[in-house]
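1. Make a model of this:
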Amino acid sequence: MTLRNAVKTIFGKIKNYVASAWREIGGYVATFTAFGRDVYASEVVRSCIRTLAEHTSKANVKVMRNKIPGDLKLQRMIQYRPNPFMNGKDFLYKVRTLLECYNTVFIYINRDDTGACTGLYPMPHCTEEAVEVDGKLYIRFYLPTGEQVVASWEDLAVLRKDFRTSDIWGDDNTAIIGSLDLLNTTAEGMANAIKSTANLRGIVKSTKAALKPEDVTKMRDDFVASYMQISNSSGVAALDASMEYTPITLAPVIANYKSVEELRNNIYRYWGMCEEIVMGKATPDQRESFYEGKIETFLLALSLELTNKVFTDRQRVALNEIIFESNRMSYMSMQEKLSLVSMVDRGAMTPNEWRQALNLAPLPGGDVPIRRLDTAPTNGTTGSQAGSTTLDNSVDANGIVDDAEKVAGKTLNGAQTQSLITVVTQYQAGTLTLGQAINIISVSIGVTKQEAQELIEGNTEGGNASVGKGKQGVSGDEPTPTN
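-> I've put the predicted structure just below:
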């Protein structure tokens, strides 16, 4: 496929429609002209948009029917190859980038002869016009190649920001141009100040009578060649009584750090970002706020729009929907992920779901819920104990905790204690390798990997709290209990 026929590849044979201007209810002229300022040229803006796009592109798509998996062919198409030029990650990245740059993005829905969706393509930024064809709304795109494409409103998924003036487009980014101009002027001022201090270093004066202009120029050039080159390693100039040299020290006034920081913060606030998120140094609370405010809202809007445009009314009545979701647990800190172990031993999460949060591979049998004995159902506690995954009766759990507290030099909290016992239990049962157990204990209680290894081996090979081999099993229909 060549660039020459790329338009035909996406849109097929271009149709010529006899169209008239579309009139919006508020009397707004339904034409969008490409904004003259490219905000993406700013390094601060680009860092914000890149961060938003990268995090958004990690989302997974699910096509559901009545809350269960639906059209898997459509799901695979969106996830892996929504159009010939992009995979699923690229598609989400570009849609988010176009939306943040221009506050409006159109996604063309390619369909086969039956009306089923066969591709999704984010339209490039260009001049657009709303037109009417046989009483229906169409959008005409004046592509940068010079060609025109007219697409039905039903074949366009539309996402908008700052949705105020028009019924079709979001407002542009004029509001932030002032801050961008000031930041650019500040940067240029600093560059010019540096250049100016390097241009004029001093004045050479001759005590002789008035010289010809060419003699003055020659005197200057000779002085520079002799004393102001790198070859003058001594840094010393020797002058006779006929010449005087007066050095000039320039101290140009430039914007201070506080002023520049405030301009950058204005831009961060406009895109709902902060320095910590952009630099990857955010706290758990900041990451959670970022996910709820900037990622979740976009994925919800994209899910609703594609659901309404890809499916027919009848398919939507049958509860067909497209859902984009991002793993919320990926925004947690390691300490928060480790604390989820209490959800595992209560049957709220399966071991493999917990391992997925830790970026560990699933284990055979890890999709079966387990449960501690003291949280087993009251109507089946006795029967559920037969096949438990538990520490041996000879184990002194308090001894394990005491050893850990001596090594860590502090008292462990409840989550750390439970995490320690669970990791030792799972290592003993073979569901965790020694390396995985060392890494988890090292992070959860704050000890070195060597200390974590000695702690594990000391409690599995005859230390203060000798650990025997545990057993795994499932009793009845209830989750497998475990100590």
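2. continuing past the helix or strand in which Asp215 is found, what's the next helix or strand?
-> For Asp215, the element it lies in under DSSP states H and E is helix 213-227. Per DSSP H and E, the first helix or strand lying C-terminal to helix 213-227 is strand 243-247.
3. isn't Ser206 right up against Met243?
-> Yes - counting by CB atoms under 8 Å, Met243 is a contact partner of Ser206 at 5.8 Å. (C-beta placed from N, C-alpha, C; glycine too.)
4. tell me, what's touching those two both at once?
-> Met219 (CB atoms under 8 Å, 6 or more residues apart in numbering).
5. what residue is smack in the middle of this structure?
-> Note on the chain: the residue nearest the mean C-alpha position is His55, at 2.0 Å, using CA atoms, centre = their mean.
6. what about the spatially closest residue to Gly70 that is not a sequence neighbour, helix or strand, and which?
-> Setting aside the residues directly before and after it, Gly70 is nearest to Val63 in space (CB to CB, 6 or more residues apart in numbering), at 4.8 Å. Assigned by DSSP H and E, Val63 belongs to strand 60-65.
7. which neighbours does that strand have in its sheet, and in what orientation?
-> strand 68-69 (antiparallel), strand 320-325 (antiparallel) (DSSP bridges).
8. For those strands, give me a markdown table that also has mean pLDDT, distance to Arg46 and mean neighbour count.
-> Shown next, in a markdown table, are the strands paired with strand 60-65 (pLDDT from 0 to 100; distance: least, CB to CB, whole Å; neighbours: other CB atoms under 10 Å):
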| stretch | mean pLDDT | distance to Arg46 | mean neighbour count |
| --- | --- | --- | --- |
| strand 68-69 | 88 | 38 | 8 |
| strand 320-325 | 93 | 24 | 20 |
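9. Let me know which of the ones you listed is the nearest to Lys410.
-> strand 320-325 (38.4 Å; CB to CB).
10. The stretch 51-200 of the chain: helices as residue ranges?
-> 72-80, 88-102, 177-199 (DSSP state H, counting those that start in this stretch).
11. most neighbours per residue, which of these?
-> Scoring the helices of the stretch 51-200 of the chain by mean neighbour count under mean count of other CB atoms under 10 Å gives helix 88-102 as the most buried, with a mean of 22.
12. That one packs against which elements?
-> helix 43-56, helix 72-80, strand 104-111, strand 117-122, strand 156-160, helix 296-310 (3 or more CB pairs under 8 Å, 6 or more residues apart in numbering; DSSP states H and E).
13. at 10 Å what do you get?
-> helix 43-56, strand 60-65, helix 72-80, strand 104-111, strand 117-122, strand 156-160, helix 296-310 (3 or more CB pairs under 10 Å, 6 or more residues apart in numbering; DSSP states H and E).
14. For the nearest residue to Cys117 once chain neighbours are set aside, which residues are in contact?
-> Closest residue to Cys117 apart from its sequence neighbours, by CB to CB, 6+ apart: Val310 at 4.7 Å. By CB atoms under 10 Å, 6 or more residues apart in numbering, the residues touching Val310 are 63, 71, 74, 78, 107, 109, 111, 115-117, 120, 155, 157, 316, 320-322.
15. how does it look with 7 Å?
-> Ile109, Cys117, Ile322 (CB atoms under 7 Å, 6 or more residues apart in numbering).
16. Show the pLDDT at the second one.
-> Looking at Cys117, its pLDDT reads 95.
17. is it true that it touches Leu74?
-> Yes - with contacts counted by CB atoms under 7 Å, Cys117 reaches Leu74, the gap being 6.3 Å.
18. what's the closest residue to the residue nearest to the centre of the chain other than its chain neighbours in contact with, if anything?
-> In space, and not counting its chain neighbours, His55 is closest to Ile295: 5.6 Å by CB to CB, 6+ apart. Each residue near Ile295 by CB under 7 Å, 6+ apart is listed here: His55, Thr56, Ser326.
19. do the same with Ser333
-> Ser333 sits in contact with Pro284, where contact means CB under 7 Å, 6+ apart.
20. any idea of the mean pLDDT for stretch 400-418?
-> 82.
21. oh sorry, the question was meant for stretch 185-200
-> For stretch 185-200, the per-residue pLDDT averages 68.
22. just stretch 167-175 next, same as before
-> pLDDT averaged over stretch 167-175 gives 91.
23. So for it, what gets flagged as buried?
-> Ile168, Trp169, Gly170, Asp172, Asn173 (16 or more other CB atoms under 10 Å).
24. And stretch 261-268, by the same measure?
-> Leu263, Arg264, Asn266, Ile267, Tyr268.
25. State the pair within those residues that is farthest apart.
-> Leu263 and Tyr268 (9.9 Å).
26. just checking, next helix/strand downstream of the lowest-mean-pLDDT helix or strand in the chain?
-> Least confident helix or strand, the chain: helix 381-384 with a mean of 40, by mean pLDDT, DSSP states H and E. Next helix or strand after helix 381-384 toward the C-terminus (DSSP H and E): helix 397-408.
27. Check whether Val204 sits in a helix, strand or coil.
-> Per DSSP: H, G, I helix; E, B strand; the rest coil, the secondary structure class of Val204 is strand.
28. which ones are touching the residue nearest to Gly70?
-> Contacts for Val63 (CB under 7 Å, 6+ apart) come out as Gly70, Asp71, Leu74, Gln75, Ile322.
29. Quickly list what the closest residue to the second one other than its chain neighbours is bridged to.
-> So that's Asp71. Among residues not flanking Asp71 along the chain, Val63 sits closest, at 4.8 Å (CB to CB, 6+ apart). In this structure, Val63 bridges to Ile322 when assessed by DSSP bridges.
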